[in-house]
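**Q** Sequence plus the predicted model coming up.
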Amino acid sequence: MKRKIGTLIEEEVIKLAKHRAADEGRPLSDLIQDALVSYLSKRVPKPRERDAAYRIFCERPLKLTREQFQQILEEDAWDV
């Protein structure tokens, strides 16, 4: 079930969104919903993962083992 909401969005953002929706031939509400669903479905790192990344990169950035360095190179940065 869809529900109407009210919110404030910068005028320029609305303008860009309306143009994109028109280019794609769909309602603005569908574009906004798809954008929110995409944003909300992203995996957020857990605090332990963030702490581990901090320790690896900030506390001893030059002391990575070869295996750790290889793992970092193979890791998708957007999945962290």
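**A** Cool, the structure landed.
**Q** which other helices and strands contact the helix or strand hosting Val13?
**A** Using DSSP states H and E, Val13 falls within helix 11-24. Helix 11-24 sits against helix 28-40, with contacts defined as 3 or more C-beta pairs under 8 Å, 6 or more residues apart in numbering; DSSP states H and E. C-beta here means a position set from N, CA and C on the backbone, and glycine is covered the same way.
**Q** Now do the helix it packs on against helix 11-24: the angle between them, please.
**A** With axes from the mean of the first three to the mean of the last three C-alpha atoms, to 10 degrees defining the directions, helix 28-40 sits at 110 degrees from helix 11-24.
**Q** Residues touching helix 28-40, excluding its own?
**A** Helix 28-40 has contacts (C-beta atoms under 8 Å, 6 or more residues apart in numbering) with Lys2, Ala17, Lys18, Arg20, Ala21, Glu24.
**Q** Counting neighbours, what do you get for the first one?
**A** Other residues within reach of Lys2, judged by other C-beta atoms under 10 Å, total 6.
**Q** if you skip the residues just before and after it, what's nearest to it?
**A** Nearest non-adjacent residue to Lys2, counting by C-beta to C-beta, 6 or more residues apart in numbering: Ser29, 7.9 Å away.
**Q** Check the offset of the helix holding Val13 from the chain's centre.
**A** The chain centre lies 20 Å from the centre of helix 11-24; the measure is C-alpha atoms, centre = their mean, to the nearest Å.
**Q** Show the average pLDDT along that helix.
**A** Summarised as a single mean, pLDDT over helix 11-24 is 95.
**Q** one step back: output the contacts of helix 28-40 in CSV, with distance to Thr65 appended to each entry.
**A** Compiled in CSV, the contacts of helix 28-40 are given as follows (distance: C-beta to C-beta, whole Å):
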residue, distance to Thr65
Lys2, 52
Ala17, 46
Lys18, 51
Arg20, 45
Ala21, 49
Glu24, 47
